[in-house]
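# Quick check, what structure comes out for this input:
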Amino acid sequence: MERLQYNRDEHAAEVVAAHYGRQPAAYVRSFGCQQNVNDTERLVGVLLDLGYAMVDSPQQADLVLFNTCAVREHAEQRVYGNLGALKALKQKRNGVLIGLCGCMGVEKTTIDKLRESYPFVDIVLGTNAADQLPSMLVEKMTTRKKALRVPPIGDEQLTEGVPLVRQSSYRAFLPITFGCDNYCSYCIVPYVRGRERSRTSADILAEFKGLVDAGYKEITLLGQNVNSYGKGNDEKMDFSDLLALLCTEAPGDYKLRFMTSHPKDATRKMIDTICAYPQLCNHLHLPVQSGSNEILALMNRRYTAEDYLGLIRYAKEQCPEMTFSSDIMVGYPGETEADFEKTMELVREVGYTQLFTFIYSKRPGTAAAEQPDLTDHKAKADRIQRLLDLQEEMVAGICTPWTGRVFTGLVEDAGRTEGTMQARLDNNMLVEFAAQPGCEGSFVDLKITGVRGAMLDGVTV
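Just a heads-up that it's a prediction; the model follows:
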């Protein structure tokens, strides 16, 4: 796999300056996951490098970019809704350029729909493509032709050194892999982000050290499947080795998280590594999706409920303080009441502090979209409500014994009530406590005083 280095495109900067005759303004909005947020940070970095100033609304901008998500059809409809609102802006100010980036940009159906219903869109970029933005703008500004074509999916080239502007001064995302090789039957990601590629450990370590030296307090490693790190970079280093390398070579006062993990690649070695380094948070997000082996096989998940529970049991033995969260899909095609009850049994055994649940919805272009779905929506809605009720009951049981204990948390944002702030604990739970704005990005010791569902109450110690 070829590894490229980003270089400032002086010609593109000159073309942009000449095109506007003044400093232009850009607006970028991100839809979707943390990977999209990090991609947006790079888009902003490149635009600043080209001479743009960033603004807070499309109405102020000369260039509007939407960085999109295609994981669920609902996410695409949100983008189209927001895109449609730009038609009046384009009619009012014909010189405004409108672009669509990210996962939707590599779907042929998107290009066809843009040509048919959104002809005012000027350019389309794919995923992980911020380095291509300068040449796309030059093409548009010099030829005045629309660049509406399906970009290559999962280009094997990884470009390092792309400038970026982080949205937070104390929390940072750091991608270690791109793409996915799993081809779960319900998921569109491999088709829009391409096959899996890993960055080199040297490039990751250099970026990580820079974040630690800059004072970042929470760093999250990103990938569609972080556990399978190592593909495509010709290094004999797995994900656990990478975690150990970062913690050893970059000591400091910070917390290290990662997402997303795939159960088929999560190992006991990874659990041992989490236990061995205090910088690694005692929390594991491990999406199970279903507790039924029959449904897991239909999903092409390539593990069984017994495999999953075996790893969870080992983690509990080695790290009794570790907490767990997961994604669960309800109503997958073919799911019976017996299959769903197996999911409920698994949830009861694991004892998740957080669950991200959703009802299956057909995603065109995936294998699952071709499978017969005979369960009506009412039955699916009933199942997910029972799951939510169980989770609420279990969270209360897990968290209530923490009352009176002291935990360290990183202050993130204002709380839900006036005069409070929220801090995230090592175990990923949020605590609301009395405080005034200005302490964001600092670690505080908090004594837990109560439990409100998924939120804890606390006081500073």
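
# which stretches of the stretch 51-200 of the chain have low pLDDT?
148-157 (pLDDT under 70).

# Please, where are all the strands along it?
53-54, 63-68, 97-102, 123-124, 158-160, 171-175, 177-178, 197-198 (DSSP state E, counting those that start in this stretch).

# Now do Glu317: how many residues are near it, please.
10 (other Cβ atoms under 10 Å). (C-beta placed from N, C-alpha, C; glycine too.)

# Figure out the helix or strand that it lives in.
helix 305-318 (DSSP states H and E).

# tell me the mean pLDDT for that helix?
For helix 305-318, mean pLDDT is 98.

# Tell me which other helices or strands it touches.
In terms of contacts (3 or more Cβ pairs under 8 Å, 6 or more residues apart in numbering; DSSP states H and E), helix 305-318 is packed against helix 268-276, helix 293-298, helix 337-350.

# Go through those helices and name the closest to Val395.
helix 337-350 (11.0 Å; Cβ to Cβ).

# relative to helix 305-318, how tilted is that closest one?
Put simply, helix 337-350 runs at 10 degrees to helix 305-318, going by axes from the mean of the first three to the mean of the last three Cα atoms, to 10 degrees.

# so what's Thr420 up against?
By Cβ atoms under 8 Å, 6 or more residues apart in numbering, the contact list for Thr420 reads 414, 432-435.

# Is there a quick PyMOL command that grabs whichever of those residues are buried?
The buried subset of the contacts of Thr420, as determined by 16 or more other Cβ atoms under 10 Å, is captured in PyMOL by this line:
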select buried, resi 414+432+433+435
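
# Where strands are concerned, which of the contacts of Thr420 count?
414, 432-434 (DSSP state E).

# Report the mean per-residue pLDDT for stretch 388-396.
95.

# now swap in stretch 236-246 and tell me
96.

# Can you point out the buried residues in that stretch?
Under the neighbour-count criterion of 16+ other Cβ under 10 Å, stretch 236-246 has 238-246 buried.

# Repeat that for stretch 85-101.
For stretch 85-101, burial by neighbour count (16+ other Cβ under 10 Å) applies to 86, 89-90, 96-101.

# Which one of those residues is nearest to Tyr216?
Using Cβ to Cβ, these come closest to Tyr216 at Cys101, 25.3 Å.

# mind listing what the spatially closest residue to that closest one that is not a sequence neighbour touches?
Nearest non-adjacent residue to Cys101, counting by Cβ to Cβ, 6 or more residues apart in numbering: Leu125, 4.2 Å away. Leu125 is in contact with 99-102, 105, 132-133, 136, 151, counting by Cβ under 8 Å, 6+ apart.

# which outside residues touch stretch 370-386?
185, 298, 330-331, 333-335, 340, 344, 357-360, 362.

# which residues sit in contact with the residue nearest to Tyr254 when sequence neighbours are not counted?
Closest residue to Tyr254 apart from its sequence neighbours, by Cβ to Cβ, 6+ apart: Lys217 at 5.4 Å. With contacts defined as Cβ under 8 Å, 6+ apart, Lys217 is in contact with 170-171, 253-255, 410, 441-443.

# again, only using 10 Å
168-172, 211, 252-255, 410-412, 440-443 (Cβ atoms under 10 Å, 6 or more residues apart in numbering).

# can you state the direction angle for the longest helix seen in the chain and helix 337-350?
Longest helix in the chain by number of residues (criterion: DSSP state H): helix 377-399. For helix 377-399 against helix 337-350, the angle by the same axes, to 10 degrees is 10 degrees.

# Tell me the one among the contacts of Leu125 nearest to Gly397.
Of those, the one sitting nearest to Gly397 (Cβ to Cβ) turns out to be Gly102, at 40.1 Å.
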